[in-house]
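>>> I'll drop the sequence and a predicted model, then ask my questions.
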Amino acid sequence: MSMKISVVGTGYLGVTHAACMAELGFEVIGVDVDPAKIEALSAGLLPFHEPGLPELLRKHVASGRLRFTTDYEQVSSWADVHFIGVGTPQRADGHGADMRYVDAAVAELATRIRGKALIVGKSTVPVGTARRLRTLIAANAHPDAEITLAWNPEFLREGFAVADTMTPDRLVLGVEDETSEALLRGIYASALAAATPLIVTDFETAELVKVAANAFLATKISFINSFAEITETIGGDITVLADALGHDARIGRKFLNAGVGFGGGCLPKDIRALQARTSELGLTHTMGFLAEVDEINLRRRERVVRLAHTMLNEKLVGARIAVLGVTFKPDSDDVRDSPALDIAVRLFNAGAEVLVYDPKGNKNAAERFPRLHYAKDLPEAVAQADLVLLLTEWAEFRALVPADLEPLVAERRIIDGRNVLSRGQWEAAGWEIVGMGQHHAPLDGEL
Ligand SMILES: NC(=O)c1ccc[n+]([C@@H]2O[C@H](COP(=O)([O-])OP(=O)(O)OC[C@H]3O[C@@H](n4cnc5c(N)ncnc54)[C@H](O)[C@@H]3O)[C@@H](O)[C@H]2O)c1
Ligand SMILES: O=c1ccn([C@@H]2O[C@H](COP(=O)(O)OP(=O)(O)O[C@H]3O[C@H](CO)[C@@H](O)[C@H](O)[C@H]3O)[C@@H](O)[C@H]2O)c(=O)[nH]1
């Protein structure tokens, strides 16, 4: 099929989608307002870390099937289908999603399109957005344009973005006409041939599936972390508890890993946007539990800071602390709302000397918080450390054994913020090791 596709917004979501569409055989042009990003992408260079994506990008940029531009004119009447993947960050006032970028992208297209085109929203948006955008399109469209709209939320996870796009768990299409549905079925033909569940529904349901999924995942993490608060107080093993719960097929073991909590460019902002949107709809109490989910999550960060304070005998000021991992999860360089980075900054603000090392995240973290010290490798980070914090479970940190650190550190103390180390092994080597959910004396004392 010689379908032409544009992808508007070439961040984590957009580049992945664009490269995967090219891999499926379509001609693709990615559009972004950031000239530096477009320049890099046009040269086949990915401006962020995502396993498997650089290879796809290079391959299709070289073949000419995948191109990038800052110029909407190049795509507006060229593409049959325009995917919208621009950002919907938390608004600066904290209330809800910032819809400026989606609105701008859709208006740019609507004014320029001539003839037939389908605009497909992929960004995560407040329920009711698609219906509102239809009005915006109608108000901006040229008389010679015939524009339809569909909503196709994206569920990819960073670190697995290519696999999640090529072989998704399910496809959700919010459509209001048969032609749009047929076009989208054509685009996703290979996934559908592989029996990927397909949900064809209305705009509102499609928008809600996305935020409901992220709210559920966030709730599951905070649920287990709330039990971690109990085991920290009275005893018990949070990992065994999660394993035992997970054997119940109705519950499942995934997303029950206690730790420093969730972060990233999605779960935190999406649960806040959902609360804001339901309040706007007059449903003030409906999503109230998500405020608790958020608070439980943020308490994990505070707990690690207090634990560090206690383990350092209440002498944070001047203590040398190694922070291993600064991204919000492994296999990503993304530090948006990262619990690890937040903890590092809080410790720094409390007067500690903080040495950060992350296999891929140092650069992004340094752009946000240049005052932390960023080590080039693990030995530099842990050298003479009074305390080591493992906060993001990169494979190289999971594989650590006491002998790796012993010649370097000043004191044998470690906080395992992701419960990935074998506690017995570290204790046997004379380390004070504290994991998440592990029973501990009350953490009092002023910071
Ligand atoms: N990152 C993920 O894993 C993921 C997964 C599923 C859904 N989402 C959703 O996808 C959307 C994008 O997220 P992201 O993480 O890719 O964000 P991002 O910040 O990495 O990328 C957004 C891009 O949009 C560009 N942009 C902004 N305004 C524009 C405009 N008017 N025209 C063209 N480009 C414009 C920005 O320059 C940026 O490159 C969000 O709604 C997010 O919630 C993200
Ligand atoms: O048991 C767990 C599982 C995850 N996390 C943390 O939760 C956060 C989010 O992890 P994950 O969901 O894997 O990462 P994202 O790439 O942000 O993906 C989420 O957000 C995307 C954007 O909306 C969605 O597309 C995905 O389906 C959804 O999983 C990370 O900080 C993890 O460390 C935990 O603390 N415990």
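Cool, got the structure. Ligands and ions are numbered 1, 2, ... in the order given.

>>> now do the same end-to-end measure for stretch 374-387.
16 Å (C-alpha to C-alpha, to the nearest Å).

>>> Name the residues of it that come out as buried.
Neighbour counts over stretch 374-387 (16 or more other C-beta atoms under 10 Å) mark Tyr374, Ala375, Leu378, Ala381, Val382, Ala383, Ala385, Asp386, Leu387 as buried. Glycine gets a C-beta too; all of them are placed from N, C-alpha and C.

>>> Looking at those residues, which are in helices?
Applying DSSP state H to the buried residues of stretch 374-387, the entries found in helices are Leu378, Ala381, Val382.

>>> Which of the helices or strands spans Glu229?
helix 203-234 (DSSP states H and E).

>>> mind listing the helices for the stretch 201-350 of the chain?
For the stretch 201-350 of the chain, the helices defined by DSSP state H, counting those that start in this stretch occupy 203-234, 238-246, 267-280, 288-311, 339-349.

>>> and the first one, what does it pack onto?
With contacts defined as 3 or more C-beta pairs under 8 Å, 6 or more residues apart in numbering; DSSP states H and E, helix 203-234 has these neighbours: helix 129-140, strand 145-151, strand 171-174, strand 198-201, helix 238-246, helix 267-280, helix 288-311.

>>> which stretch among the ones you listed comes nearest Ala191?
Each of the helices and strands packed on helix 203-234 was scored for nearness to Ala191 using C-beta to C-beta, and the closest is strand 171-174 (6.3 Å).

>>> Which elements pack onto the very next helix or strand once past the closest one?
Going down the chain from strand 171-174, the next helix or strand is helix 178-187, by DSSP H and E. Applying 3+ C-beta pairs under 8 Å, 6+ apart, we find helix 178-187 packed against strand 81-84, strand 115-121, strand 145-151.

>>> Name the surrounding residues that touch the following helix or strand past the first one.
Proceeding C-terminally, strand 81-84 gives way to helix 100-112 as the next helix or strand, assigned by DSSP H and E. The list of residues contacting helix 100-112 from outside it, by C-beta atoms under 8 Å, 6 or more residues apart in numbering, reads 8-9, 72-73, 75-77, 82, 84, 86-88, 117, 119, 121, 123, 125, 129, 133, 136-137, 140-142, 145, 147.

>>> just to revisit the earlier point, which of the helices of the stretch 201-350 of the chain has the highest mean neighbour count?
helix 339-349 (a mean of 24; mean count of other C-beta atoms under 10 Å).

>>> Need the contact partners of that helix.
260-263, 300-302, 304-305, 308, 316, 321, 323, 325-328, 335, 354, 356, 358, 361, 365, 368-369, 371-372, 389, 391-392, 417.

>>> Looking at those, which are in strands?
Cross-referencing the contacts of helix 339-349 against strands under DSSP state E gives Ile321, Val323, Val354, Val356, Leu389.

>>> List the contacts of Gln425.
Val401, Pro402.

>>> The residue in the chain positioned nearest to ligand 1 - how many residues pack around it?
The nearest approach of the chain to ligand 1 comes at Gly11, 1.8 Å away (C-beta to the nearest ligand atom). Neighbour count of Gly11, defined by other C-beta atoms under 10 Å: 17.

>>> For the residue lying closest to it once chain neighbours are set aside, give me phi and psi.
Once flanking residues are discounted, Gly11 sits nearest to Gly87: 6.2 Å by C-beta to C-beta, 6 or more residues apart in numbering. The phi/psi pair for Gly87 (degrees, to the nearest 10) reads phi -70, psi 150.

>>> Then Asp202?
phi -90, psi 170.

>>> which of the helices and strands packed on helix 178-187 is buried the deepest?
strand 81-84 (a mean of 26).

>>> Give me the distance between it and the centre of its chain.
Taking C-alpha atoms, centre = their mean, to the nearest Å, one finds strand 81-84 lying 22 Å from the centre of the chain it belongs to.

>>> so what's Pro268 up against?
Gln90, Ala218, Phe262, Asp294, Asn297, Asp337.

>>> what does Gly417 give?
Gly259, Val260, Val304, Pro339, Ala340, Ile343, Leu389, Leu390, Leu391, Met436.

>>> Could you do Gly11 as well?
Taking C-beta under 8 Å, 6+ apart, we find Gly11 in contact with Asp32, Gly85, Val86, Gly87.

>>> How about Ala350?
When contacts are taken as C-beta under 8 Å, 6+ apart, Ala350 is in contact with Val305, His309, Leu316, Val317, Leu447.

>>> Can you pick out the most distant pair from the residues you listed?
Val305 and Val317 (13.2 Å).

>>> didn't Ala22 look like it was pressed against Ala62?
No - assessed by C-beta atoms under 8 Å, Ala22 is found out of contact with Ala62, at 10.8 Å.

>>> So for these two, which sits in the more crowded spot?
Ala22 (25 against 10).

>>> Next up, the contacts around the spatially closest residue to Trp431 that is not a sequence neighbour.
What sits nearest to Trp431 in space, not counting adjacent residues and going by C-beta to C-beta, 6+ apart, is Arg412, at 4.3 Å. Residues in contact with Arg412 (C-beta under 8 Å, 6+ apart) are Pro402, Glu406, Ala429, Gly430, Trp431, Glu432.

>>> And the residues you listed, which two are furthest apart?
Farthest pair in those, by C-beta to C-beta: Glu406 and Glu432, 13.3 Å.

>>> how about the contacts of Gly11 in TSV, adding neighbour count, pLDDT and distance to ligand 2?
Below are the contacts of Gly11 laid out as TSV (neighbours: other C-beta atoms under 10 Å; pLDDT from 0 to 100; distance: C-beta to the nearest ligand atom, whole Å):
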residue	neighbour count	pLDDT	distance to ligand 2
Asp32	22	98	19
Gly85	27	98	11
Val86	25	98	14
Gly87	18	98	11
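
>>> Thanks a lot, catch you later.
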